[in-house]
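Undergrad: Return atomic coordinates for the entry below.
(one chain, ligands or ions: 1)
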Amino acid sequence: MSFSPYNDYWKELRKLCARELFSAKQIHSFQPIKDEEIKKVIAQISESASLKNPVNLTKTFLALTVSVVCKAAFGVSFEGTVLSNDRFNKLVRDAFETLGSFSATDFIPHVGWIIDQFTGLQKMREKSVRDLDAFYEQLFDLHKEGDRQGREDFVDMLLRFEKEGTVVGTDNLTRNHIKAILMNILLGGIDTSAITMTWAMAELARNPRVMKKLQTEIRSQIKNKERISFDDTDQLKYLKMVIKETWRLHPPTPLLLPREVTSEFEIGGYTIPVKTRLHVNVWAIGRDPDTWKDPEMFFPERFMDNNIDAKGQNFELLSFGSGRRICPGMYMGTTMVEFGLASLLYHFDWELPEGMVVEDVDMEEAPGLTVSKKSELLLVPVKYLDQ
Ligand code: HEM
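TA: Predicted structure coming up:
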């Protein structure tokens, strides 16, 4: 994937987004959106439970994160518009497939573009960018002055900055910059949380002991409360371990974002020249037997007696990356995943579809910039009656 240099302009933009979208205060203010969206999800799952029908959790988690991120970040709901959830999901999927796939242009100077033309990648990318552009334009139309009431959302704010000629770093904020910011949020924010929740549920389905222990923790914390709050999820220590263990084995972005070497250095006897493109293999680090005991085993208790977390300081667990490009949506993503999993595990027990045994849960990965579970996860919900 082509990437832009990380200059002062982007540094300032990151700061702006961190303040206006990713701060703990902002994220807590999105809680009513999450409550509303999870309510709909639970109602849908309850219906499946009463019919003993399996639920497609891959789709459920994606729809949940699409709704929450779009309402929180873009201030719009896509239901009932031309950008209905299904079309929107396809848009994001296509963008990931084409923008995240191997590009000869990036690796073979001067002639790589010919290969990309030949394989059709260039055409697919152009289509993806056109579709995304149409989406942003529609988003701007929905934000036209006077059309909307209520508080200023993130898109309103960016459009206001553009209009006021606000300078970020050294340049004015332009419409193209706004589109780039929205693209980052769209591609960085939606898939990653949904992928984490899907892998977590797949691992729980394969590990009934862990599922039971986790549900006992969640149910004794939530009891009969109508809503699951931040304070509740904050108390769920075992849930946090389950999520870390999921990220260790299934980091949603296994090679992080590419880096470019700015000054020559040596590592393991190799000299790495300037301008080399580097990928950090977080997936391999998470399964390294020199670091982790029984690395292939899903065992959340391994995090019980240590302070390893995924905030970029412990290099054994780099699911959000590290350094200057570390994921700015880390808190938003973590709270989303905690809330989604706690809600579904509180309200329902989960069984394998008839005829399936634990060994049948397919854990094959789909290749891409983000790595999701290849086959969709189907589990049968059973309503938890003690509520
Ligand atoms: C479980 C959830 C998430 C995971 C595992 C995750 C993971 C990552 C990773 C690994 C990177 C690259 C970091 C690096 O190379 O050092 C990244 C970047 C990024 N993430 Fe996340 N992310 C998550 C949620 C979110 C959310 C909710 C948002 C926003 C709504 C978001 C927005 C971004 C953006 C904008 C970048 C690019 C930052 C830059 O270019 O400097 N992420 N994320």
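
Undergrad: And E126, how close does it get to the ligand?
TA: Counting by CB to the nearest ligand atom, to the nearest Å, the gap between E126 and the ligand amounts to 22 Å. Every C-beta, even on glycine, is put in place using the N, C-alpha and C of the backbone.

Undergrad: so what's the backbone phi/psi at that residue?
TA: E126 adopts backbone torsions of phi -60, psi -40, taken as degrees, to the nearest 10.

Undergrad: so how far is the one helix or strand L344 maps to from its chain's centroid?
TA: With elements taken from DSSP states H and E, the one containing L344 is helix 330-347. Centroid separation for helix 330-347 versus its chain: 12 Å, with CA atoms, centre = their mean, to the nearest Å.

Undergrad: Just list the residues touching the residue nearest to T119 when sequence neighbours are not counted, thanks.
TA: Closest residue to T119 apart from its sequence neighbours, by CB to CB, 6 or more residues apart in numbering: A104 at 7.7 Å. Listed by CB atoms under 8 Å, 6 or more residues apart in numbering, the contact set of A104 reads 112-116, 119, 121.

Undergrad: same question, P289
TA: For P289, the contact set (CB under 8 Å, 6+ apart) comprises P295.

Undergrad: ok, it to P295 distance?
TA: Separation of P289 from P295 (CB to CB, to the nearest Å): 5 Å.

Undergrad: cool, and A49?
TA: Counting by CB to CB - A49 and P295 are separated by 36 Å.

Undergrad: pretty sure L318 is touching K311, no?
TA: No - look at L318 against K311 with CB atoms under 8 Å: they stay out of range, at 9.8 Å.

Undergrad: After the host helix or strand of Q215, which helix or strand is next?
TA: Assessed by DSSP H and E, Q215 sits inside helix 208-222. Moving toward the C-terminus from helix 208-222, the next helix or strand (DSSP H and E) is helix 230-235.

Undergrad: in that next one, what counts as buried?
TA: Of the residues in helix 230-235, 232-233 count as buried by neighbour count, 16 or more other CB atoms under 10 Å.

Undergrad: And for stretch 198-209?
TA: Residues of stretch 198-209 classed as buried: 198-207 (neighbour count, 16+ other CB under 10 Å).

Undergrad: That one near the ligand at all?
TA: No - applying CB under 6 Å from any ligand atom, one finds stretch 198-209 separated from the ligand by no less than 10.2 Å.

Undergrad: Spell out which strands sit alongside the longest strand seen in the chain in the sheet and which way each one runs.
TA: Looking across the chain with DSSP state E, the single longest strand is strand 378-383. Next to strand 378-383 in the sheet, as set by DSSP bridges, lie strand 55-56 (antiparallel), strand 348-351 (antiparallel).

Undergrad: Tell me the helices and strands packed up against the helix or strand that the last one is followed by.
TA: By that I understand strand 348-351. Counting by DSSP H and E, the next helix or strand C-terminal to strand 348-351 is strand 365-366. Strand 365-366 sits against strand 372-373, with contacts defined as 3 or more CB pairs under 8 Å, 6 or more residues apart in numbering; DSSP states H and E.

Undergrad: Is the strand it packs on in proximity to the ligand?
TA: No - residues of strand 372-373 are not located near the ligand by CB under 6 Å from any ligand atom, the shortest gap being 11.9 Å.

Undergrad: now do stretch 327-347
TA: Yes - Stretch 327-347 comes into contact with the ligand (CB under 6 Å from any ligand atom), by way of 327-329, 332-333, 337.

Undergrad: could I get those as JSON lines with distance to T246?
TA: Listed next are these as JSON lines, based on distance: CB to CB, whole Å:
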{"residue": "C327", "distance to T246": "16"}
{"residue": "P328", "distance to T246": "21"}
{"residue": "G329", "distance to T246": "17"}
{"residue": "M332", "distance to T246": "17"}
{"residue": "G333", "distance to T246": "12"}
{"residue": "V337", "distance to T246": "9"}
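
Undergrad: For these, name the two members farthest from one another.
TA: Largest separation among these by CB to CB: P328 and V337, giving 16.1 Å.

Undergrad: need the residues of this protein near the ligand, please.
TA: Applying CB under 6 Å from any ligand atom, we find that the chain lies next to the ligand at 14, 69, 73, 184-185, 188-189, 192-193, 196, 252-253, 256-257, 319-322, 325-329, 332-333, 337.
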